[in-house]
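> take a look and give me a structure for this.
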Amino acid sequence: MADEKMQLPKDAFEPLQATEQLNSERIAAPSLTFLQDAWRRLKKNKAAVISLWVLVVIIILAVGSIWFSPRNPNAQNAAYANLPPKIGGGFWGFDGKANIAGAVVDAYKQAGVPKGTYYILGTDYLGRDLLSRILFGTRISLLVAFVATFFDLVIGVAYGMISGWYGGRVDTIMQRVLEVISSVPNLVVVILMIVVFKPGIFSISMAIAITGWITMARLIRAQTLKMKDQEFILAARTLGESTRKIALKHLLPNLSSTIIIQLMFTIPTAIFFEAFLSFIGIGISAPNASLGTLLNDGYKTFRFLPYQMWYPAAVLSIIMIAFNLLADGLRDAFDPRTRG
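Next up is the predicted model:
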């Protein structure tokens with residue numbers, strides 16, 4: 001009959017085994033945390049990974065030179081002034097030979113340097129070991145970068161979170177204060193610090209403490225304004241969480257990517273700022289070395305002794321490029337939507 005229901009035989013169906021059901025629902029890919037997923041994406045960026053390892057090597061050499069420096073960076077020996085680079089028995093570019101009055105001579109032999117004594121990157125106009133001074137100068141630059149990082153974290157993050165969280169009149173007043181501080185050029189602040197204190201690390205650190213954290217504060221404020229109205233923050237406030245706990249347990253972890261990326265851009269900016277100040281003579285004072293003072297000494301004799309400028313310039317360039325490439329890689333790793 002047409003209206004009779006068609007029935008399938010019972011043997012048309014087979015029960016599904018429990019193991020087969022579990023296998024079909026199993027997730028093959030391992031679960032990753034946010035940081036693990038960011039690290040996985042960062043490793044795909046070859047330039048960022050190479051830059052990371054280059055920076056690790058530079059930091060180890062610079063910090064390790066506190067205990068294992070080739071020579072005292074400030075020790076002078078006028079008899080060994082302006083010696084060219086030499087390594088071991090010597091090879092092209094590192095053979096200890098110099099062009100004097102059109103003739104190629106063994107500068108080490110002329111200066112009476114004992115056999116087996118050589119300077120890998122040569123010496124400066126006072127006979128100081130250039131390699132030791134570059135390591136010392138790199139350490140000074142990294143110290144300035146550490147100071148900038150510290151003030152970015154302590155002042156910039158806290159200021160931005162407070163301004164963005166409370167909003168309203170508090171935010172307006174705090175932002176006007178930022179505008180007043182940012183309207184004063186950094187160089188003017190440094191000169192004021194030098195008038196009050198003497199030139200050196202402390203003056204540069206004070207200048208960074210006054211103006212270096214403004215960009216971080218503005219970025220954190222913008223992110224806090226966006227996050228404070230999201231569901232997980234509203235749920236925490238509804239459950240009676242204090243402002244301090246919300247900031248530490250919810251806001252800060254979600255701001256970590258912004259903080260890390262901004263720090264990676266802050267560090268090379270601080271290093272270049274210190275090198276610029278030392279180059280124009282208002283940074284690190286003699287006899288201490290920094291990459292800026294080494295560049296200042298090297299450019300004076302660049303036509304005749306180019307290595308005295310090339311080596312510190314190369315180190316500064318490598319540090320700047322490596323930090324910027326690493327920052328770009330971290331930005332893409334933490335937020336893939338930023339890729340162009």
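> wait, is residue 104 part of a helix?
No: counting by DSSP: H, G, I helix; E, B strand; the rest coil, residue 104 is not part of a helix but strand.
> isn't it right up against residue 98?
Yes: between residue 104 and residue 98 a contact is recorded at 7.4 Å, counting by CB atoms under 8 Å. Every residue, glycine included, has its C-beta placed from N, CA and C.
> looking at the two, which is more packed in?
Shown here are residue 104 and residue 98; by other CB atoms under 10 Å, residue 98 has more neighbours (18 against 10).
> who's in contact with the more buried one?
82, 84, 104, 105, 107 (CB atoms under 8 Å, 6 or more residues apart in numbering).
> let's see 6 Å
Going by CB atoms under 6 Å, 6 or more residues apart in numbering, residue 98 touches 84, 107.
> now residue 201: how far from residue 300?
Going from residue 201 to residue 300 by CB to CB, to the nearest Å gives 24 Å.
> if you count what's nearby, which of these two comes out ahead?
Taking neighbours as other CB under 10 Å, residue 201 and residue 300 compare with residue 201 leading, 17 against 12.
> separation between the more buried one and residue 113?
If you go by CB to CB, the gap between residue 201 and residue 113 works out to 34 Å.
> how about the helices in the stretch 51-200 of the chain?
Secondary structure of the stretch 51-200 of the chain by DSSP state H, counting those that start in this stretch: the helices cover 107-110, 130-151, 158-166, 168-182, 186-196.
> which among these is found nearest to residue 47?
helix 130-151 (20.5 Å; CB to CB).
> send me the closest one as CSV with only the CA atoms.
Taking Å, rounded to 0.1, in the frame of the first residue of the first chain, the C-alpha atoms of helix 130-151 are listed here in CSV:
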residue,chain,number,x,y,z
LEU,A,130,89.6,48.7,21.1
LEU,A,131,88.0,45.3,21.6
SER,A,132,87.9,45.8,25.4
ARG,A,133,86.5,49.3,25.0
ILE,A,134,83.8,48.1,22.6
LEU,A,135,82.7,45.4,25.1
PHE,A,136,82.7,48.0,27.8
GLY,A,137,80.8,50.5,25.7
THR,A,138,78.2,47.8,24.7
ARG,A,139,77.7,47.1,28.4
ILE,A,140,77.1,50.7,29.1
SER,A,141,74.5,50.9,26.2
LEU,A,142,72.8,47.8,27.5
LEU,A,143,72.7,49.3,31.0
VAL,A,144,70.9,52.4,29.6
ALA,A,145,68.5,50.1,27.8
PHE,A,146,67.8,48.3,31.1
VAL,A,147,67.1,51.6,32.8
ALA,A,148,64.7,52.6,30.0
THR,A,149,63.0,49.1,30.3
PHE,A,150,62.6,49.5,34.0
PHE,A,151,60.9,52.9,33.8
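> which parts of that helix are buried?
Neighbour-count burial for helix 130-151, with 16 or more other CB atoms under 10 Å as criterion, is recorded at 130-145, 147-149, 151.
> go on, stretch 287-303?
Those would be 288, 289, 290, 291, 292, 293, 294, 295, 296, 297, 298, for stretch 287-303 by 16+ other CB under 10 Å.
> how far away from the center of its chain is it?
23 Å (CA atoms, centre = their mean, to the nearest Å).
> just the endpoints, please. Distance across that stretch?
Separation of the first and last residues of stretch 287-303 by CA to CA, to the nearest Å is 24 Å.
> what do you get for stretch 226-242?
In stretch 226-242, first residue to last residue: 19 Å (CA to CA).
> now stretch 100-107
9 Å.
> likewise stretch 159-177?
OK, stretch 159-177 end separation, CA to CA: 11 Å.
> other residues contacting it?
217, 220, 221, 224, 225, 228, 247.
> if I look at the last one, how far off is residue 165?
Put plainly, it is residue 247. Distance, residue 247 to residue 165, using CB to CB: 7 Å.
> now residue 210
From residue 210 across to residue 165, the span is 24 Å (CB to CB).
> ditto for residue 320
Residue 320 sits 35 Å away from residue 165 when distances are taken as CB to CB.
> counting neighbours, go ahead and name the busier of the two.
Neighbour count, other CB under 10 Å: between residue 320 and residue 165, residue 165 has more, with 19 against 16.
> strands of the protein, start to end?
Here the chain has its strands, by DSSP state E, at 97-100, 103-106.
> pull the contacting residues for residue 140.
Contacts for residue 140 were tallied using CB under 6 Å, 6+ apart; they are residue 290.
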